[in-house]
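> One predicted model, sequence on top.
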Amino acid sequence: MHCPVCSSINTGKVGNDTYYCSNCLLEFDFLGGQYQIYYIDDEGVSFVLKDKGEAKMLSESFHEGNELLFRERLEELISKS
């Protein structure tokens, strides 16, 4: 399965219809014809991210080593539904 955020094939199944991208460090699933993208924090709590574009920005800031930007952006990227 390709990652919906970065299109990487470095993904693996971690549960029923749930996958992990080792490139983005995000989890995702494909249910009802739509992707749900999740950030998993240090304590194992998962947060639904608003959309693919926002998830990509979050992943890029993490890979750039910008931990402060990552933490600041995380709060606004988490879906409040």
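Okay, I see it. Computed from a predicted model, the values in this text were never measured in an experiment.
> Please tell me how far the closest residue to residue 18 other than its chain neighbours sits from residue 11.
Computed as C-beta to C-beta, 6 or more residues apart in numbering, the closest residue to residue 18 that is not its neighbour in sequence is residue 29, at 4.7 Å. Glycine gets a C-beta too; all of them are placed from N, C-alpha and C. Going from residue 29 to residue 11 by C-beta to C-beta, to the nearest Å gives 11 Å.
> Who has more neighbours out of the two?
The neighbour count for residue 29 versus residue 11, taken as other C-beta atoms under 10 Å, is higher for residue 11 (20 against 17).
> In contact with that one, which residues?
The contact partners of residue 11, by C-beta atoms under 8 Å, 6 or more residues apart in numbering, come to 1, 2, 3, 19, 20, 21, 22.
> follow-up on the earlier one: give the residues shared as contacts by residue 29 and residue 11.
Counting by C-beta under 8 Å, 6+ apart, the contacts common to residue 29 and residue 11 are residue 19.
> which residue ranges form the helices in this protein?
Assigned helices in the chain, in chain order: 52-63, 67-77 (criterion: DSSP state H).
> By mean pLDDT, show me the worst of those helices.
The stretch with the lowest mean pLDDT among those is helix 67-77, at a mean of 64.
> Okay, and the beta partners of the residue sitting nearest the centre point of the chain?
What sits nearest the mean C-alpha location of the chain, by C-alpha atoms, centre = their mean, is residue 26, with 3.2 Å. Beta-bridge pairing for residue 26 (DSSP bridges): residue 21.
> my guess is it contacts residue 56, does it?
No - between residue 26 and residue 56 there is no contact under C-beta atoms under 8 Å: 9.3 Å.
> coming back round to it: out of the contacts of residue 11, which are buried?
Buried positions within these, assessed by neighbour count (16 or more other C-beta atoms under 10 Å), are 3, 19, 20, 21.
> which two in those are spaced the farthest apart?
Using C-beta to C-beta, the buried ones among the contacts of residue 11 span at most 9.1 Å, a distance reached by 3 and 20.
> list the residues that contact both of the two?
Contacts common to residue 3 and residue 20, judged by C-beta under 8 Å, 6+ apart, are 11, 26.
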